[in-house]
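Colleague: The following comprises the amino acid sequence and a computationally predicted model.
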Number of protein chains: 2
Amino acid sequence: MSTIRVRSLLQQCTKATLRLQDESEVTINRGMVIFVAFLKDAQLDDVIKLAKEIATVRLCDSENGLKTIVDLPGDLLIIPQATLGGRLNGHRFQYHSNINKDVGLEFYDKFVATLRELCSQNKDNIIHAGSYGIRQIYSCETNGPAMHIIEF
Amino acid sequence: MSTIRVRSLLQQCTKATLRLQDESEVTINRGMVIFVAFLKDAQLDDVIKLAKEIATVRLCDSENGLKTIVDLPGDLLIIPQATLGGRLNGHRFQYHSNINKDVGLEFYDKFVATLRELCSQNKDNIIHAGSYGIRQIYSCETNGPAMHIIEF
C-alpha cells in the first residue's frame, strides 16, 4: 500500500444514481461505476495511465465475451472516493497517504476529462462524474457487480 | 498484490439486497456490506483475523462519532467476490492468485460463521451472507458508501 499512487474500484451496474454538489442527481444505465482515489505520490502520468487502462480493459459481459466499456457500449459513472486510500491502523482508518485536496481535485478533473475523451468515440453512451470533496450519496442496481481493483 | 492473502471491501449502506442461490432475496437496512476474496496463500488464521478486524473497525457514522458495526448497531451483508482477487494483465484480468474453490468455500463459511459470532452480541441487527460461487445479483442505497479496503 505504501507504494501505491492510484487506486480505483470498477463495478458493473445495470443502473446507478449519484447526487451532485448542487443536489441534482445523475443516473446511468448499463455500464460501469468507477470509484477512484489518488495517493500522495501520484503524478499526472499516473492519472492518464489509469484512465487509459479503464477505457481499454475488457470487463463488460456481452454475448460475444468480455468487451470494453467503449465497445459495449455502456455508460460510465465516475465517483471520487478518497476513503479507498485509507489504511487500517488499530481499529481506525488513517488517511496519511492521501493526496493534498487541491492536487487531488486537479488530478480528478484531469482523470474525468481523459476518460470522457477516450470514451467519446461512442456518442450513445452517457458519462457522468461526481463532485469532488463531498459526501457521495449513491445507489446502484447490478446483475453482478464483478468488482475489480486497478491500482499501481 | 502478490503477497496479499485476503482482500475485503467495506461499504456503508442504508439498504442493500442480494439474490441467493435458491433465487430468494435477502435485504439489510442501515449497516455495512462486505465484499470478500481469498487469495491462494490465505490461511485459516487470516480468515479469522479479517473477521475480527471487520467486527471491531470504527467506520460507521453516528451522532457520537465513528462506531463499529456492532455498536451502531447495524446490519451486515457479506458477499463473496472472487473478482476482487483479479490482477490486470494487458487489457484483461487474470485470477491466477485466487484460492482453490473448495478451500475458498471452506474459508468463506468460516469467515461468515466467525463474523456472525462476533456480531451476535447485539440481537437487533440482521446478518445475511451471499451464496458462494454464483453471480451476485445485488443492489444498494447509500448515504455515502465510504468504501474502505482491508487486505493483508
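Modeller: Good, I have the coordinates. If you're wondering where the values come from, they're calculated on a predicted model, not measured in any experiment.
Colleague: so where is chain A shaky, pLDDT-wise?
Modeller: A:1-2, A:122 (pLDDT under 70).
Colleague: how about a cut-off of 90?
Modeller: When the per-residue scores of chain A are filtered using pLDDT under 90, the ranges that remain are A:1-3, A:120-125.
Colleague: In it, what residue spans correspond to helices?
Modeller: Chain-ordered helices for chain A, with DSSP state H as the definition, fall at A:44-56, A:101-119.
Colleague: can I get the ones you listed in TSV with distance to chain B and mean neighbour count?
Modeller: The C-beta positions use only the backbone N, C-alpha and C, and glycine is treated the same way. Converted to TSV, these look like this (distance: least, C-beta to the nearest C-beta, whole Å; neighbours: other C-beta atoms under 10 Å in any protein chain shown):
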stretch	distance to chain B	mean neighbour count
helix A:44-56	5	18
helix A:101-119	13	17
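Colleague: The residue most central in space within chain A bridge partners, please.
Modeller: Nearest residue to the geometric centre of chain A (C-alpha atoms, centre = their mean): residue A:34, 2.5 Å. With DSSP bridges applied, residue A:34 shows beta-bridge pairing to residue A:10, residue A:78.
Colleague: In this structure it contacts residue A:53, no?
Modeller: No: in this structure, residue A:34 is not within contact of residue A:53 by C-beta atoms under 8 Å, at 10.9 Å.
Colleague: tell me which parts of chain A are close to chain B?
Modeller: A:7, A:9, A:35, A:53, A:56-59, A:66, A:68, A:81, A:83-84, A:86, A:88, A:91-93, A:135-150 (C-beta under 8 Å from any C-beta of the partner chain).
Colleague: Narrow those residues to those in strands?
Modeller: Helix and strand membership here follows DSSP state E; of these, those in strands are A:7, A:9, A:35, A:88, A:92-93, A:138-141, A:148-150.
Colleague: Any of those buried? List them.
Modeller: Among those, those classed as buried by neighbour count (16 or more other C-beta atoms under 10 Å in any protein chain shown) are A:7, A:9, A:35, A:88, A:93, A:138, A:139, A:140, A:141, A:148, A:149, A:150.
Colleague: ok, these vs residue B:115, which is closest?
Modeller: The shortest separation between residue B:115 and any of those is 16.2 Å, and it belongs to residue A:88 (by C-beta to C-beta).
Colleague: mind listing what the closest one touches?
Modeller: Contacts for residue A:88 (C-beta atoms under 8 Å, 6 or more residues apart in numbering or on different chains) come out as B:53, B:57, B:148, B:150.
Colleague: ok, so what distance separates the nearest residue to residue A:94 once chain neighbours are set aside from residue B:130?
Modeller: Once its chain neighbours are removed from consideration, residue A:94 has its nearest residue in residue A:87; the separation is 5.5 Å (C-beta to C-beta, 6 or more residues apart in numbering or on different chains). With distances defined as C-beta to C-beta, to the nearest Å, the gap from residue A:87 to residue B:130 amounts to 27 Å.
Colleague: which residues sit in contact with residue A:148?
Modeller: With C-beta under 8 Å, 6+ apart as the criterion, the residues that contact residue A:148 are A:9, A:10, A:57, A:59, B:83, B:84, B:86, B:88, B:93.
Colleague: Quick one: neighbours of the closest residue in space to residue A:5 that isn't next to it in sequence, just the number.
Modeller: Excluding the flanking residues, the one nearest residue A:5 by C-beta to C-beta, 6+ apart is residue A:42, at 4.2 Å. The number of residues packed around residue A:42, counting by other C-beta atoms under 10 Å in any protein chain shown, is 22.
Colleague: Check residue A:43 too.
Modeller: Per other C-beta under 10 Å, the neighbour tally for residue A:43 reads 12.
Colleague: Can you report how many residues neighbour the closest residue to it other than its chain neighbours?
Modeller: Excluding the flanking residues, the one nearest residue A:43 by C-beta to C-beta, 6+ apart is residue A:5, at 7.0 Å. Taking other C-beta under 10 Å as the neighbour definition, residue A:5 ends up with a count of 19.
Colleague: Surely residue A:5 and residue A:41 touch.
Modeller: Yes: contact criterion C-beta under 8 Å: residue A:5 and residue A:41 qualify, at 4.7 Å.
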